Structure formats: C-alpha cells, structure tokens
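Trainee: Kindly generate the corresponding structure for this input.
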Amino acid sequence: MNLIFILIAALLVVSVTLWLAFVLWRGPKLDSSVEYHAVNAAVLRDQLLELEQDRANGILSLRDHATAQQELQRRVLDEATPVQNTSVRRHSSKQAAIALAIVLPVAATLTYLAIGNPAAITPPPTRSAPAMTQADVQAMVDSLAARLARNPDDAPGWLMLARSYRYFEKYEDAAAAFAKAAAVIQTDPLALSEYAETLARSNQAGFKGEPTQLLERALTLNPREPFALTLAGAAALERQDYPAAINYWQQLFELLPSDSDSARAVANSIERARREQAETATPKN
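Mentor: Below you'll find the model as predicted:
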C-alpha cells in the first residue's frame, strides 16, 4: 500500500515539475516583435516608393523630397535596431526551468515530511497469533469444568467438556461428561459414535453392550455417518462377525475418495477381515 502511494505521489510531482519547466524553458514568445519590425519596414518601403513617385510627378519639390527622404531613412534605422533583451529573457527562463526542476521535488518532499504523516502510509507490522500450548488448552478445559459445576444443566457444555476429555484421552471422565450431555447427543449421530468409542475404551468389555447400541442408534439416524460406520465395523470384527464388518467398511469405502489415504486404510481393513474370515472357515487339522 505504501509503495503505491509513493509511486502516485512521485508521478504527480514529476508531471507538474516537467510541465512547469517546459513552459519556463520555452520562454515567452518573441515572434511578435519580429513581426512588428517586418510590418513597419514594409510600410516604410511603400512610403519611400510614394515619395519617388511624387518627386517624378512634380508634386514634391527637390528640397521637400530630400527632407522627407531623410526622415524615412531615420525611421528605417530606428526600426532596424535589434531587440537587446531577447537573449537575456530566454537565458533567464532556462535558468528558472532548471532551478524549478531541482527545487520543486525537494521542496515537496521536505514539506510532506515536515507537516505530513509518513507513518500513515506504512502498515503496522502484522502480529502473528501466539500458538496455543497444551497447558492453555488444559486451562480452558478446567475453566469449563468449573463453570459446569455451577451450571450442571448445560448439556451443550457437557458435550464440549466430554470431547475435551476425549482429546486428552481421559476416557472415564469423558464418558461421565457424555452421560450428562444425553439431552443433546441422542439426536447427534457423531456424538453418539464418540460416546460409543469412549465407553469401549474406558472398560474391558470393548464394544459389547451399550457401545454397540449407541452405534446402531447413530446409524439409524444417519446410515452414512463415516465415524459410526468405522466403529460399527470394528465392533463387528471384535465379535468376529466378519460379513458385518466387511459390509460396514465397504459402505465407508464408497464414501471416501478412492485415491485418499483413508480409502486405502479402509481397503486394508476389509482385506484383513476377509483373511480372518477365511482363516476361521478353514478347518484345522
């Protein structure tokens, strides 16, 4: 922004300076005096011819003709005197043009620095936002927990606290917070899936029981919920229901970009389920 302002200001100063310098360098027009002398010389020439004609026609005497002729010659000499101040004026104009070309930009710059505000065209330095540390996040979580202790009916706040505890892998605390957020998670497929995973991680039974029921509810609300499909496949694999696991993950695979890392990971999980299915179907000797 400041560079654009400086360029525009410099362009204006240079344009005005060049125009004024050109006017002064060219100087005032001197052709009028030359034309004036030329006209007067022509008039005097005609008058001299008239005198000669009058003398030839006998209108003027020899004495009058001589007197008139001397007067015309004197006037011719006066008109032929060159203008003395022409070179002086032109020389002075060129000097003024050179001085103006130097003084005007310098004066404009000094004036702006004296009475202007150069700092206004310089943008303030951009301050990068300080990076949030783990301690900062923990402090925010503690502050939220303290607020919910004073206001236990804030279900959205409990859901936020549950997700925060889940982030810190405090699964037992997260499960307790999810339970207090029941009013808002019952219609949220993603929150139900997160609650199911938290319960599975916080006890030895894994997905058996309530976690599987939560996943079934989530898929009833949204059969295409990616996280619910992921966990439902894991729960089916855990109970060795390989067709169900393959079916859930196949639905998930169709939702993902085929060339993405997630799609490749799901394809590997499907292949794993098929191998385990094949191994369990093969009779052991």
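Trainee: Show me where the protein has its helices.
Mentor: 2-26, 31-57, 62-79, 86-115, 134-150, 155-167, 171-180, 182-185, 189-202, 210-221, 226-238, 242-255, 261-281 (DSSP state H).
Trainee: For the closest residue to residue 166 other than its chain neighbours, list the residues it contacts.
Mentor: Among residues not flanking residue 166 along the chain, residue 174 sits closest, at 4.3 Å (C-beta to C-beta, 6 or more residues apart in numbering). Placement of C-beta: from N, CA and C, glycine included. Residues in contact with residue 174 (C-beta atoms under 8 Å, 6 or more residues apart in numbering) are 162, 163, 165, 166, 198, 202.
Trainee: What of residue 252?
Mentor: 226, 229, 230, 233, 266.
Trainee: Quick check: pLDDT value at it.
Mentor: Residue 252 is assigned 95 on the pLDDT scale.
Trainee: how close does it get to residue 209?
Mentor: Note on residue 252: its distance to residue 209, by C-beta to C-beta, to the nearest Å, is 23 Å.
Trainee: which residues of this protein score low on pLDDT?
Mentor: 1-49, 51-131, 283-285 (pLDDT under 70).
Trainee: how many other residues sit next to the nearest residue to residue 224 once chain neighbours are set aside?
Mentor: Spatial nearest neighbour of residue 224, chain neighbours left out: residue 255 (6.2 Å); criterion: C-beta to C-beta, 6+ apart. When counting by other C-beta atoms under 10 Å, one arrives at 13 neighbours for residue 255.
Trainee: I'd like the distance between residue 255 and residue 270.
Mentor: Taking C-beta to C-beta, one finds residue 255 at 14 Å from residue 270.
Trainee: do residue 161 as well
Mentor: 36 Å.
Trainee: higher neighbour count, these two?
Mentor: Shown here are residue 161 and residue 270; by other C-beta under 10 Å, residue 161 has more neighbours (23 against 19).
Trainee: my read: that one touches residue 146, true?
Mentor: No - contact criterion C-beta atoms under 8 Å: residue 161 and residue 146 do not qualify, at 10.4 Å.
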